[in-house]
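In: How does the following fold in three dimensions:
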Amino acid sequence: MRKLCPNFDREDGLETILEVPIPEEMFASMGSNLALRCQNMLTWMKAQTADKWSSPIIAGRFNELSFLLYIVGSPLIPLQVRLDNSVHRPIRDSSIEASTAKYIVQQYIAATGGQPALSSVNSMCAIGEVKISASEFYQSDLRVKVGTTEEMGGFVLWQKNPDLWWLELVVSGCKVISGSNGKLSWRQCSNQQSDISKGAPRPLRRFLQGLDPRSIANLFIDAVCIGEKIINNEDCFILKLETSRAVREAQSSPKFEIIHHTIWGYFSQRSGLLMQFEDSRLLRTNTEKDDGVFWETSSESVIQDYKYVDGVNIAHSGKTQVRVFRYGSGSASHKRELAETWKIDEVNFNVWGLSNDFFLPPLDCIRNNL
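Out: Numbering: from 1, shown residues only. Below is the predicted model:
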C-alpha cells in the first residue's frame, strides 16, 4: 500500500502521509515514472474539491461511484451487536436449533483465539485495499451490455467497540466516510451531504466479514441452526438471524419501509471458522403515484486467508457478491450485479490514545439530529 506522497511545495520537506493509503497497483497505473505518478496523484487529489462536482461528467461519475461504495463498500447490518466481553447465553429453555447455534458459536470463539484473547482487544485499526466492479445490468428480461469496469482503492478502519467505529474508503478518487459514535450511524460521500441511518447505531458489515470475531460471536449467539451446506469444499453449519418487526420499523422512514432483513453465517465443521456471511434485505419505497417500488439487495461474502494477529485469528481477504433487484407497480424491473474483492494489509489492536472524540460525526449530522 502507498502511504506517503512527496512534498511538492518543498523538495527538502518531509513526505506527506496519505489519509487513506492506496494500492501500489493503483499508484503504478498513474504514469510511466515516479515523478509523473506523483504529479498525477496530486492532480487527482485536487480534482475532488467541491467546485469540480458541478461538472456533469464528474458529477455523473461520482454518483456512480457513490452507489458502488454505499451498496458494496460501506453497508451496515440491521442488528445492534451487544458489547459483552464474555459471549455466553444459557441454553436452558432454548430450542434444539438455538442450543446448537450457541455450541457452534463457542467453537468459533475457540477457533479464533479463545475468550481471553478476544476480551483483551479494546480497539483496532485496519488498513486494506479493494477492487470493486459492476459489470452486469438487466432490464426486464433483457441483458444490457455495459463496459466492464474495475475500480481500485483503499480504506482505513478504526474501531473501539461495535458502536464506536470509523471508516474512510477511497476508490478512484471518490471518498466515503462512514461512522458511528454510539448514538447514531452515518455516511458521507465526497459530493453529497451526510446521511443518518435511522434506528439504533449499527456495526459496519465489513467487521462481520471475519475481521471482528467478538462482534461475530455476539451477533450469532442469538441465531438458530437451520442446516448444513458445502462452502469451498468445507462442510459448514448454517446459522440464521431474522430482524424483528420492532427493529425494522425503527429503521424505516416515511419514504421507505423495510419488509425483511435476514442474516446467515456459514461456519466450518472442521475448523470452526466463519467461511461465508450473507444478508438479504427487501424494502419498499413509498410514493404518491403508485403502490411503491421494491428494492431487494442480497450480499454474499466468501471469507478467506485467516491469520493470527496478537493471538486473534482474523480473515485477511475475501470477495463479496451483491445483487440488486428493482421491481414494482409502474416500474420497469431491473437487476444489477456488483462485486468487491478485498484484502487486509495491516491490523493493529489496542491503539493508544484512541478516544471517543475521534468518532464524532460531521456537523451537519449533529444539526440534523437535534
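In: remind me which residues of the stretch 51-200 of the chain are low pLDDT?
Out: Along the stretch 51-200 of the chain, segments meeting pLDDT under 70 span 51-64, 84-93, 135-149, 190-194.
In: Quick one: the strands in it, in order.
Out: Shown for the stretch 51-200 of the chain, the strands assigned by DSSP state E, counting those that start in this stretch span residues 124-139, 142-144, 150-161, 164-171, 174-181, 185-189, 195-197.
In: and the longest strand that the chain contains, which residues are buried?
Out: The strand spanning the most residues in the chain, taking DSSP state E as the definition, is strand 331-349. Within strand 331-349, the residues scored as buried using 16 or more other C-beta atoms under 10 Å are K335, R336, L338, A339, E340, T341, W342, K343, I344, V347, F349. Using the backbone N, CA and C atoms, a C-beta is placed for each residue, glycine as well.
In: who does that strand touch, helix- and strand-wise?
Out: If you count contacts as 3 or more C-beta pairs under 8 Å, 6 or more residues apart in numbering; DSSP states H and E, strand 331-349 packs onto strand 124-139, strand 293-309, strand 312-328.
In: Take those and lay them out in a markdown table including distance to Q159 and mean neighbour count.
Out: Putting the helices and strands packed on strand 331-349 into a markdown table (distance: least, C-beta to C-beta, whole Å; neighbours: other C-beta atoms under 10 Å) gives the following:
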| stretch | distance to Q159 | mean neighbour count |
| --- | --- | --- |
| strand 124-139 | 5 | 19 |
| strand 293-309 | 14 | 17 |
| strand 312-328 | 12 | 19 |
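In: Which of these sits closest to G73?
Out: strand 124-139 (6.6 Å; C-beta to C-beta).
In: can you put the helices and strands packed on strand 331-349 in JSON lines and add distance to I177?
Out: Below are the helices and strands packed on strand 331-349 laid out as JSON lines (distance: least, C-beta to C-beta, whole Å):
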{"stretch": "strand 124-139", "distance to I177": "15"}
{"stretch": "strand 293-309", "distance to I177": "21"}
{"stretch": "strand 312-328", "distance to I177": "20"}
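In: got JSON lines for the strands of the stretch 51-200 of the chain, with distance to V105 too?
Out: Output for the strands of the stretch 51-200 of the chain, formatted as JSON lines (distance: least, C-beta to C-beta, whole Å):
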{"stretch": "strand 124-139", "distance to V105": "20"}
{"stretch": "strand 142-144", "distance to V105": "41"}
{"stretch": "strand 150-161", "distance to V105": "19"}
{"stretch": "strand 164-171", "distance to V105": "22"}
{"stretch": "strand 174-181", "distance to V105": "23"}
{"stretch": "strand 185-189", "distance to V105": "25"}
{"stretch": "strand 195-197", "distance to V105": "26"}
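In: Skipping adjacent residues, who's closest to N348 in space?
Out: C125 (4.9 Å; C-beta to C-beta, 6 or more residues apart in numbering).
In: All good on my end, thank you.
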